[in-house]
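Enquirer: fold the following for me, if possible:
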Amino acid sequence: MGTISVSTTTTVFFALLLISSVHSFYLPGVAPRDFQTGNPLFVKVNKLSSTKTQLPYDYYYLNYCKPEKILSNAENLGEVLRGDRIENSVYTFQMRKAQPCTVACRVKLDAESAKNFKEKINDDYRVNMILDNLPVAVLRQRRDGSQSTTYEHGFRVGFKGNYAGSKEEKYFINNHLSFRVMYHKDPETDSARIVGFEVTPTSINHEYKEWDEKNPQVATCNKDKTLIQGSTVPQEVDTDKYVVFTYDVSFKESDIKWASRWDTYLLMNDDQIHWFSIINSLMIVLFLSGMVAMIMMRTLYRDIANYNQLETQDEAQEETGWKLVHGDVFRPPINSSLLCVYVGTGVQIFAMTLVTMMFALLGFLSPSNRGGLMTAMVLLWVFMGLFAGYSSARLYKMFKGTEWKKTTLKTAVMFPGILFAVFFVLNALIWGEQSSGAVPFGTMFALFCLWFGISVPLVFVGSYLGFKKPAIEDPVKTNKIPRQVPEQAWYMTPVFSILIGGILPFGAVFIELFFILTSIWLNQFYYIFGFLFIVFVILLITCAEITIVLCYFQLCSEDYNWWWRSYLTAGSSALYLFLYSIFYFFTKLEITKLVSGILYFVYMIIVSYAFFVLTGTIGFYACFWFVQQDLLFCQN
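Expert: As a prediction, the model looks like this:
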């Protein structure tokens with residue numbers, strides 16, 4: 001009895017520890033920090049970004065105020081791949097202590113500095129800063145006239161304009177920053193947490209009599225060191241001009257709690273349109289999917305009933321429909337090895353996508369975890385190589401293939417090899433533009449090691465396990481002599497049926513695709529992973545159903561070459577995705593540079609290619625299951 005009592009007590013104790021650990025769990029790098037009054041707050045600077053060029057630059061690429069020693073923050077793989085470069089800055093605050101009109105530094109613009117500033121102003125570049133893991137933002141008015149607060153990411157480097165009475169266009173720099181830090185105070189203690197970081201940029205041509213580096217004073221700040229508004233002219237950008245950078249800081253108590261501090265940052269889009277569009281799309285796709293499933297099932301059961309009736313009347317020799325080709329449907333297709341490679345790669349992409357979405361739904365990949373989404377996708381792709389090798393080997397063994405090592409190597413190398421080669425060329429173009437978006441050599445080497453050190457071995461391990469399993473048996477024996485395929489009607493030709501098959505899967509995702517493209521190319525946060533998961537499930541169902549229906553019609557037309565057709569039918573939705581990306585480029589983006597245009601279209605080709613492999617694999621497996629089950633059902 002004493003032993004049982006001690007064991008029970010120990011169990012309860014550990015259970016309480018587990019409960020406690022659950023309540024104290026936070027994602028790495030995004031745990032809350034408590035600040036006391038007067039504690040130092042260090043502002044970090046991030047990349048310069050522009051939706052016009054899509055080429056990020058290091059903050060200190062422009063001649064801004066520099067600290068004595070520039071220190072780079074440790075960045076994860078995702079941050080490096082998306083061009084983030086987080087460094088320290090000269091901007092230092094004290095918690096809950098206002099800091100009016102402080103001089104940061106004075107710089108003299110040489111010809112190159114002035115040219116760089118003008119280029120970045122011309123291309124609408126924005127400066128990104130970070131305080132306590134919150135990005136700096138500028139308040140903006142909502143288009144619908146509501147009073148709710150919305151933000152723009154970062155602040156503009158400057159603007160273009162002209163002096164009164166002059167038509168000559170000048171460039172002006174935003175050299176004064178009015179920061180406002182919102183904090184949520186703990187009612188029981190004096191500590192507070194930062195819940196907002198706003199800035200109002202201004203261009204001011206600061207005036208001063210004599211410049212003292214140790215104690216700089218400017219006449220455009222009064223005795224209280226507050227900015228004198230309305231009596232100043234903007235700071236022009238030109239060669240040999242001195243620019244004085246200043247800032248002020250104010251603090252404001254907020255009712256927003258730390259757990260909700262990202263909510264305002266995420267209200268970037270017209271949320272009402274977003275919600276109604278998603279719901280409308282879901283309803284339409286669900287209705288179409290139900291109709292397709294009903295038509296398919298009614299047609300199938302009617303044909304089976306007719307076949308059974310013919311057999312009872314001893315008229316089986318006059319069979320019609322796809323029963324005529326039942327001895328040829330499992331004949332191995334042309335380029336069966338390549339089909340196995342694509343199916344294996346599709347399984348790898350599907351597994352990566354599914355697990356990534358699950359992590360995102362649990363909150364691990366929220367925007368506060370900067371670079372987490374990209375890091376997760378790369379690492380999951382590497383480890384899902386096991387499933388790629390297994391599925392490829394299983395299919396290849398069913399085709400009675402003998403060169404399994406060659407097929408396995410293709411599965412491990414072909415798709416990532418294409419991506420790596422394209423990525424390397426694009427990286428060279430970005431490097432030529434001196435952009436921080438160029439991935440360093442060390443990171444490229446790390447990606448190469450992940451590929452050949454982990455992914456390739458896992459593909460071979462999966463392939464070995466797949467070949468050890470018994471081969472998938474065909475429900476019926478394949479005829480030795482292939483049956484001749486009769487001439488097909490125009491609407492059953494491969495090109496037409498394949499193109500028709502891709503419309504419905506694309507229709508399932510195109511509304512959500514708009515928001516995804518906006519988050520990628522217009523520098524917005526994407527966070528509605530719940531809806532994305534629902535759309536993903538609907539995409540799976542739609543790909544499966546439309547492929548099964550078209551495959552059934554094809555077999556009824558006595559065309560048994562369904563292997564590649566089923567893959568291409570669902571995969572053709574990628575063509576519509578790419579066409580939509582072209583439409584999006586000309587209607588929503590303002591990209592002017594040739595390199596930026598090349599980056600956009602090449603990246604969208606890569607995305608479309610991955611989408612083709614994913615949807616094609618879904619369609620193939622759905623059709624494969626359908627043909628197997630239907631033959632077994634007919635035999636019974």
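
Enquirer: check which residues of stretch 96-113 are buried.
Expert: Arg96, Gln99, Pro100, Cys101, Thr102, Val103, Ala104, Arg106, Val107, Leu109, Ser113 (16 or more other C-beta atoms under 10 Å). Bear in mind the C-beta positions are built from the backbone N, C-alpha and C, glycine included.

Enquirer: inside helices: which ones of the residues you listed?
Expert: Those of those mapping onto helices are Ser113, per DSSP state H.

Enquirer: mind putting the buried residues of stretch 96-113 in TSV, distance to Phe197 and pLDDT included?
Expert: TSV is the format used below for the buried residues of stretch 96-113 (distance: C-beta to C-beta, whole Å; pLDDT from 0 to 100):
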residue	distance to Phe197	pLDDT
Arg96	14	90
Gln99	14	87
Pro100	18	84
Cys101	19	84
Thr102	17	87
Val103	21	88
Ala104	17	88
Arg106	26	90
Val107	25	92
Leu109	28	91
Ser113	27	92
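
Enquirer: which residues in the stretch 351-500 of the chain form strands?
Expert: For the stretch 351-500 of the chain, no strands are identified by DSSP state E, counting those that start in this stretch.

Enquirer: now do the chain
Expert: Secondary structure of the chain (DSSP state E): strands at 40-49, 87-94, 99-108, 126-131, 134-135, 137-140, 150-153, 155-156, 158-161, 170-173, 176-185, 192-202, 242-253.

Enquirer: so what are the sheet partners of the third one and their directions?
Expert: Spelled out, that is strand 99-108. Strands adjacent to strand 99-108 in the sheet, as given by DSSP bridges, are strand 242-253 (antiparallel).

Enquirer: circling back: let me have the buried residues of stretch 96-113 in TSV, extended by distance to Leu568.
Expert: TSV is the format used below for the buried residues of stretch 96-113 (distance: C-beta to C-beta, whole Å):
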residue	distance to Leu568
Arg96	63
Gln99	63
Pro100	66
Cys101	66
Thr102	64
Val103	65
Ala104	60
Arg106	64
Val107	59
Leu109	58
Ser113	54
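
Enquirer: so Phe359 touches Asn369, yeah?
Expert: No. At 10.1 Å, Phe359 does not count as touching Asn369 under the criterion of C-beta atoms under 8 Å.

Enquirer: of these two, who's got more company?
Expert: Asn369 (19 against 16; other C-beta atoms under 10 Å).

Enquirer: phi and psi next, for the more buried one.
Expert: Phi and psi for Asn369, reported as degrees, to the nearest 10, are phi -90, psi 80.

Enquirer: returning to that earlier point: comparing the strands of the chain by mean pLDDT, which bottoms out?
Expert: Note on the strands of the chain: strand 150-153 shows the lowest mean pLDDT, a mean of 80.

Enquirer: so what's the gap between that one and the chain middle?
Expert: Averaging C-alpha positions (C-alpha atoms, centre = their mean, to the nearest Å) puts strand 150-153 20 Å from its chain's average.

Enquirer: tell me what it is packed against?
Expert: strand 126-131, strand 137-140, helix 263-266 (3 or more C-beta pairs under 8 Å, 6 or more residues apart in numbering; DSSP states H and E).

Enquirer: which residues are contacting the last one?
Expert: This points to helix 263-266. Leu134, Pro135, Ala137, Thr149, Thr150, Tyr151, Gly196, Ile256, Pro367, Phe525, Tyr527 (C-beta atoms under 8 Å, 6 or more residues apart in numbering).

Enquirer: redo that, cut-off 10 Å
Expert: Applying C-beta atoms under 10 Å, 6 or more residues apart in numbering, the external contacts of helix 263-266 come out as 134-135, 137, 139, 148-151, 153, 182, 195-198, 256-257, 366-368, 524-528.

Enquirer: going through those residues, which ones are buried?
Expert: 134-135, 137, 150-151, 153, 182, 195-198, 256, 366-368, 524-528.

Enquirer: any idea how far stretch 531-543 is from the middle of the chain?
Expert: Computed by C-alpha atoms, centre = their mean, the chain-centroid distance of stretch 531-543 equals 16 Å.

Enquirer: and for stretch 70-81?
Expert: The answer for stretch 70-81 is 18 Å, by C-alpha atoms, centre = their mean.

Enquirer: again with stretch 447-460
Expert: That offset, for stretch 447-460, works out to 23 Å (C-alpha atoms, centre = their mean).

Enquirer: in that stretch, what counts as buried?
Expert: So for stretch 447-460, counting by 16+ other C-beta under 10 Å, buried means Leu447, Leu450, Trp451, Ser455, Val456, Leu458, Val459, Phe460.

Enquirer: any idea how far apart the tips of that stretch sit?
Expert: End-to-end span of stretch 447-460 (C-alpha to C-alpha, to the nearest Å): 19 Å.

Enquirer: over to stretch 55-71?
Expert: Its first and final residues considered, stretch 55-71 spans 22 Å by C-alpha to C-alpha.

Enquirer: any stretches of the stretch 451-600 of the chain with poor pLDDT?
Expert: Within the stretch 451-600 of the chain, the ranges that satisfy pLDDT under 70 run 474-476, 478-479, 482, 485.

Enquirer: let me know whether Thr246 touches Val90 as I believe.
Expert: No. Contact criterion C-beta atoms under 10 Å: Thr246 and Val90 do not qualify, at 11.2 Å.

Enquirer: surely Glu444 meets Asn427?
Expert: No Glu there; residue 444 is Met. Yes. Look at Met444 against Asn427 with C-beta under 10 Å: they come within range, at 7.2 Å.
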